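**Q** Here is a sequence with its predicted model. Questions after.
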Amino acid sequence: MTAVWLVFRHTLWQLVWGKKILVVAAAAALPIGIAALVGPVLPDDDIQKIWISLVMGVFVQLMLPLTAIAFALGLISDEVERGTLLYLITRPNAKWTVVVAKCLAYLAVATAMILLALIGLYAVLRLKPGAAAIDEVGGIAAVAPALLLGAIAYGGLFLGVGTVFRKPMIVGVIFAFGWEGLLGNIPGQTRLLSIVYYIRIMIGRATNEGTRFMQGMHVDDGVGVPSATASAIVLIGIFLAGVAIAIWSFGRKQYALSRVQ
Amino acid sequence: MTTNPQPEPVTMKPATMKKTPAPVDPSAPVVLNHVSRWYGEVIGVNDIDVSIPGGVTGLLGPNGAGKTTLIRLMTGQIRPSKGEVRVLGESVWNNPGIYRRIGLCPDLDSFWETMTGYEFVRYTARLAGYSAGDASTRALAQLDRVKLTHAKDRKVGGYSKGMRQRVKLAQAMVHDPELVVLDEPLTGLDPVGRREVIELVRELGEQGRHVVVSSHILHEVEAMTPRILLIHRGRIVAAGEVHDIRAMIDEHPHRIEIECDDVRALARRLLEFDDVIRVAIEDDAKRLRVETVRPDDFYSRVPELAIETGIGIERMTSSDDNLEAVFHYLVK
Amino acid sequence: MALYDQGYRHWDGALSGHATRWLTITQHGVRQALRNKWLVGLLLLSQLPMIGLSFVAYGMLQAGDRIAQMEGADAAAVRMAEGLGADFFMKLVPMEIFWVVVICAFAGAGLVARDRESRALEIYFSRPLTRLDYLIGKFGIIFTFSMFATIVPSLLLYAVAVICQPTMGYLKQTWTMPFALAAVSIVISTSASAVVLAFSSLGSRYRLVAVGWIGFYFVSIGFAQMLFGLTKQPEFTIVGFMNNLERVAIALLGATVRREYDYSWMWSALVLAVLTFGGLLLVLRRVRAVEAVK
Amino acid sequence: MIDVAGLEVGYSDTLVLQGISLKIPEGAVGLLGPNGSGKSTLIKTLLGHLKARSGSGSVLGLDIARRFLDIRQRVGYMPERDCFFAGMNGIASVAYAGQLVGMSYADAKQRAHEVLNYVGLSEERYRAVDSYSAGMLQRIKLAQALVHDPKLLFLDEPTNGMDPRGRDEMLELIRDISSNKGIHVLVSSHLLPDVEAVCRDVVVLAGGEVLAQGDIESMRVSAGGSYVVRIRGEHEPFERALTAAGCTVAQGERATLRVTLGDGAGTDVVWRAAREGGVQVRHLEPSRRSLEDVFMEALESVGSEGER
């Protein structure tokens, strides 16, 4: 267990002081920036709409996948590419401890970043008079669980992808912005194969304005929309599957790390 | 250094001893049991059946000979395609517990660059299972041992190549392993550093630890240990003490250069012996080049000859008795 | 009978002057890049919009013929100049920008990054080269490809429009158009090349650089559209890289200003100038033979 | 060939070269020094990559501050670290390196083949350099440095990462270039035997100052009456016999003995001791200081610890 704690702490430190956090911070600053720029110009009535569209648009479509790409994809593959993995696997600790520790570190950092961004956005919007309307449709407490579950699902999946593939970046980007962006927005049964869909359902069901938003985006077009609980279970399932694949693949792989040029 | 070279049997080994594989000793620290490993179509090592005895062993071979594969196999980074690798009596693949007893200094130049040297070594010590307090003491002791104390609080990213090498060594020794595997530990070190690390390796050997060290610089290997393991094209070519190996290679006559007062007189005497197959007088008529097929007999004879004839032999050297010659003969 | 030295031989051929040293880098880089079939494919694909619009132009010319029969040649020329005028060529611009961005990601992202990764900079600067030579040379490579994806299709499209005209009237009315098109191509190519080089000099893994560059392009557009969509204030589109290029192109071609671009083109030109020069300066700063002391 | 006076070079807040003055002669010269001694800094300054804070210098008669482009045109530089033009084959890389000096495409191509033959890269020349092994990279770096037929070569750790055979071949090439082809060579290396094998003169730097300079032979003067002996057999009786004959015996390097004869004695005391002790003498040689001894002594004389 000490090993898990050690690797967790070190990975946390790597993620927090790494360069990649800048990308995530930029993505986090984006909705806040938009809100700050747009806020003064807009009529008060639109404030709920902005809150939901920024959450549904920027957070779900950009921030979550980007956080997972930045933090989760490289958890294993970065250490492989740099060759530092050698120091982790030639120590008397079972291999799965490394995967679990790194996964926990991701969860901690991703949660913190998403909550910070969400609180930041909320705070900026609340500066406007009459912004209390946000809480009527559902504030942070309403949207946060869905966003965090989304981050967990993406993280688990990308941890798996980053362990199985040697250069996972392209796979990750294509999945996050190609597959997800496409399938998640096409009406019909295929969107059940995308992660965004479940996140949107959870947000939609938790907020009044979100429900309208869902209808606007043809997310809720009548029949067969899963319940919030079912969505949550699917998201957690994806996470667990990703982590399991990562542990399995990491344990089996032989890392012949060669001299880095 | 305080160790005297162990006395060796002076009996000549018969020619038939040539290329008889040494018996594999199953209790040796490292035992490779008919191990092969290939990467896809490419073969890394081929049917290696050898035991590496305790003490310091130099691992030699040209680039691409399979040294790195052998080291990866010994340290459990990869699994043999065939055969079994046992280290310190345990199987290494998928056996994390063995790393309590093995230390590895890889040839990779990779670090978590933003850690300080101290943090790095301490982290590896903690991963090896030491408590926070123990890990700190051990890290400090090892950093001192590799003479990095003055730079321990600087980031590894700002270290010179030699310092990075030292920090890797400290990391390999921090948990007091029984077997230390050093892959090219002298790379990037300056002459002073080289001398210190050579000294360190010998010290480890004297403390009763087992060391496998690979290097391209043959005279430095010679300075660390007389015992080598020579690998070429994925197979073991020779294993044992350099001078014994040289004695076993009889297809190449041993060349000896002698400098003395009266070269012609000495030449005449030498030609009387049937193991001497060629005597040549160098241009300056001050040096002889002698070739013998039974160096042992030859050397036994020289003191008597020198005293008897009274020709002052000022110098007698052989470029064929060192590691360089062995290497070049065996690695064609 | 003579024996010749088979070993090292001296060489005393002529060396060219320093002034065109950058050209060596450009020529070599272009030749090197063209050996990649994918890039050749992309360059050909980048001509597709032009071919599509050529058919549109041809269709309009058919209509022009009928007008000429009914209303006379002069009237037809005026109508043609309206139909195949600035707004028509403006249709090509966003598509050109898109292809330039793709080509830059493909052929530009690695220009400095790969030299950093493989430490080729040490070889470059052991030669009689200055950092400026290197910068201009590398800039030349990606600029060449960008120009191929901009100036070639736009001038060809203009040529199609001219050739199929029954009279010289159209040419007289629109003779400034090719210059405007060339200017637009240069603006697009210069700023895109400079910015992608800056991205390239920041990283050492070219895939990451390419992802970053594409991300920059789409996020800045998305940001601009979102701001404009939410507020309906045109000034917000100035945060989009492509939007600025479009705004300047509209001004140069004299096309109709859409509502989202209802501000002075000078602002956009200023943004582009800052990005271009800032980008080039950044490359100069980042490219060094000597890295921090180790 | 290289002339430097009072050269001070530093990075932001540290001074690396502390005002050194040097005259490096023609031929093959070794540049030695522990890590951080300023070797690389000196080479980088000579190539014009770093600017001197004070002092002056010239390479081949050209001022380093103003005419560094001309210097680089006449000098070939082989960097220490692995570096290559990604995605090119051997021929193309070397030809490109030549073109960057100003050679025409045709000249560069032809020269590239010639030089690659010379450095011993045969079939590999058509392979992408990205897949080269460490040894091949060293060779192609040498080829790139040679392609424009420089007057002077800077070689930074030329045998790094090469296996014993490759090392021998590389040293042979350097020896050939410097002694038969009239190209001056400055070799910086941590492997003192390499420098000993190819260089006539050495410069030893430490802590940014010149510690020693001169030709190797005169530095390695032998300590008279002292011999290096390696025996096979029991050490004890042999050493006892030697001591009895008035010699002093000390342990040398690599399992050798360092035997200092008594006054006026000849080597026959060694042979007698061998007969008495019943051992074989495998090696007997008047002891000389190796370059390593010279180097270590020079360092000790200033007591430089520094960081390595």
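**A** Looks like it arrived, so ask away. Here the structure is a predicted model, which means the values were calculated and not measured. Numbers count the residues shown, from 1 in each chain, chains lettered A, B, ... in the order given.

**Q** Spell out which parts of the stretch 101-250 of chain B neighbour chain C.
**A** Within reach of chain C by C-beta under 8 Å from any C-beta of the partner chain, the stretch 101-250 of chain B has these residues: B:158, B:159, B:160, B:161. The way it works is simple: take the backbone N, C-alpha and C, and place the C-beta from them, glycine included.

**Q** count of residues packed around the third one?
**A** What that stands for is residue B:160. Using other C-beta atoms under 10 Å in any protein chain shown, residue B:160 has 20 other residues around it.

**Q** From residue A:175, how far off is it?
**A** Going from residue B:160 to residue A:175 by C-beta to C-beta, to the nearest Å gives 42 Å.

**Q** Let's see which of the residues of the stretch 101-250 of chain B next to chain C end up in helices.
**A** Judged by DSSP state H, helices contain the following of these: residue B:161.

**Q** now the residues of the stretch 101-250 of chain B next to chain C as a markdown table including pLDDT and distance to chain D?
**A** Below are those laid out as a markdown table (pLDDT from 0 to 100; distance: C-beta to the nearest C-beta, whole Å):
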| residue | pLDDT | distance to chain D |
| --- | --- | --- |
| B:158 | 87 | 11 |
| B:159 | 88 | 9 |
| B:160 | 85 | 5 |
| B:161 | 85 | 7 |
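
**Q** and which of the residues of the stretch 101-250 of chain B next to chain C is nearest residue B:114?
**A** Using C-beta to C-beta, the shortest approach to residue B:114 within these belongs to residue B:158, at 9.9 Å.

**Q** Is any residue of stretch D:274-285 near chain B?
**A** Yes - Stretch D:274-285 is in contact with chain B by C-beta under 8 Å from any C-beta, via D:274, D:275, D:280, D:281, D:282, D:283, D:284, D:285.

**Q** Cross the residues you listed against helices and list the overlap.
**A** D:274, D:275.

**Q** ok, the residues of stretch D:274-285 next to chain B vs residue C:265, which is closest?
**A** The closest of these, once distances to residue C:265 are taken by C-beta to C-beta, is residue D:285, at 85.6 Å.

**Q** Could you tell me the end-to-end distance of stretch B:72-85?
**A** The first and last residues of stretch B:72-85 sit 11 Å apart, counting by C-alpha to C-alpha, to the nearest Å.

**Q** same deal with stretch D:74-81?
**A** End to end - C-alpha to C-alpha - stretch D:74-81 spans 22 Å.

**Q** Run the contact check for that stretch versus chain B.
**A** No - judged by C-beta under 8 Å from any C-beta, stretch D:74-81 stays clear of chain B, getting no closer than 8.8 Å.

**Q** How much space separates the residue in chain A that chain B sits nearest to from chain D?
**A** Nearest residue of chain A to chain B, counting by C-beta to the nearest C-beta: residue A:83, 3.2 Å away. For residue A:83, the distance to chain D (C-beta to the nearest C-beta, to the nearest Å) stands at 15 Å.

**Q** What is the neighbour count of the residue nearest to that residue when sequence neighbours are not counted?
**A** Spatial nearest neighbour of residue A:83, excluding adjacent residues (C-beta to C-beta, 6 or more residues apart in numbering or on different chains): residue B:110 at 3.2 Å. For residue B:110, the count of nearby residues is 20 (other C-beta under 10 Å).

**Q** Quick check: residue B:110 touching residue A:81?
**A** No - shown here, residue B:110 and residue A:81 do not form a contact pair, counting by C-beta atoms under 8 Å, at 9.3 Å.

**Q** Any residues of chain D in contact with chain A? List them.
**A** Neighbours of chain A within chain D, by C-beta under 8 Å from any C-beta: D:82, D:134.

**Q** and chain D, what are its domains?
**A** For chain D, automatic domain parsing gives the domain ranges D:2-219, D:226-286.

**Q** can you tell me which residue is nearest the centre of chain D?
**A** For chain D, the residue nearest the mean C-alpha position is residue D:195 (3.1 Å; C-alpha atoms, centre = their mean).

**Q** ignore the last one, chain C
**A** Centre-nearest of chain C using C-alpha atoms, centre = their mean is residue C:189, 2.4 Å out.

**Q** What is the three-state secondary structure of it?
**A** helix (DSSP: H, G, I helix; E, B strand; the rest coil).

**Q** mind listing what the nearest residue to it once chain neighbours are set aside touches?
**A** Spatial nearest neighbour of residue C:189, chain neighbours left out: residue C:146 (3.5 Å); criterion: C-beta to C-beta, 6+ apart. Neighbouring residues of residue C:146 by C-beta atoms under 8 Å, 6 or more residues apart in numbering or on different chains: C:100, C:103, C:104, C:188, C:189, C:192, C:193.

**Q** My read is that residue D:207 contacts residue D:19, right?
**A** No - using C-beta under 8 Å, residue D:207 is not in contact with residue D:19, being 11.9 Å away.

**Q** re the thing from before, dump the domains of chain D to TSV, plus mean pLDDT.
**A** Listed next are these as TSV, based on pLDDT from 0 to 100:
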stretch	mean pLDDT
domain D:2-219	90
domain D:226-286	81
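
**Q** Among those, which comes closest to chain C?
**A** Nearest to chain C, of all the domains of chain D, is domain D:2-219, at 3.6 Å by C-beta to the nearest C-beta.

**Q** hmm, back to that, are any of the residues of the stretch 101-250 of chain B next to chain C buried, and if so which?
**A** Neighbour-count burial (16 or more other C-beta atoms under 10 Å in any protein chain shown) is assigned, among these, to B:159, B:160, B:161.

**Q** so who does residue 135 touch?
**A** Just going to use chain A. Listed by C-beta under 8 Å, 6+ apart, residue A:135 has no contact partners.

**Q** wrong chain, I was asking about chain D
**A** Contacts here follow C-beta under 8 Å, 6+ apart; on that basis residue D:135 touches B:63, D:161, D:162, D:163, D:166.

**Q** In JSON lines: those residues, plus distance to residue A:190, secondary structure and neighbour count.
**A** Shown next, in JSON lines, are the contacts of residue D:135 (distance: C-beta to C-beta, whole Å; DSSP: H, G, I helix; E, B strand; the rest coil; neighbours: other C-beta atoms under 10 Å in any protein chain shown):
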{"residue": "B:63", "distance to residue A:190": "53", "secondary structure": "coil", "neighbour count": "17"}
{"residue": "D:161", "distance to residue A:190": "53", "secondary structure": "coil", "neighbour count": "20"}
{"residue": "D:162", "distance to residue A:190": "58", "secondary structure": "coil", "neighbour count": "24"}
{"residue": "D:163", "distance to residue A:190": "57", "secondary structure": "coil", "neighbour count": "23"}
{"residue": "D:166", "distance to residue A:190": "58", "secondary structure": "helix", "neighbour count": "21"}
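
**Q** quick one: which of those residues is nearest to residue C:77?
**A** Using C-beta to C-beta, residue D:161 is the member of the contacts of residue D:135 that lies nearest residue C:77, at 73.2 Å.

**Q** Name all residues that make contact with the closest residue to the closest one other than its chain neighbours.
**A** Computed as C-beta to C-beta, 6+ apart, the closest residue to residue D:161 that is not its neighbour in sequence is residue D:134, at 3.4 Å. Counting by C-beta under 8 Å, 6+ apart, residue D:134 touches A:259, B:63, D:82, D:160, D:161, D:162.

**Q** now do residue A:146
**A** Residue A:146 is in contact with A:199, A:202, A:203, A:206, A:231, counting by C-beta under 8 Å, 6+ apart.

**Q** Run through the residues of the stretch 151-261 of chain A sitting next to chain C.
**A** Applying C-beta under 8 Å from any C-beta, we find that the stretch 151-261 of chain A lies next to chain C at A:167, A:169, A:170, A:173, A:261.

**Q** tell me which element the first one is part of?
**A** With secondary structure defined by DSSP states H and E, residue A:167 is part of neither a helix nor a strand.

**Q** same thing with the third one?
**A** In this structure, residue A:170 sits in helix A:169-173 according to DSSP H and E.

**Q** which of the residues in that helix are buried?
**A** A:169, A:172, A:173.
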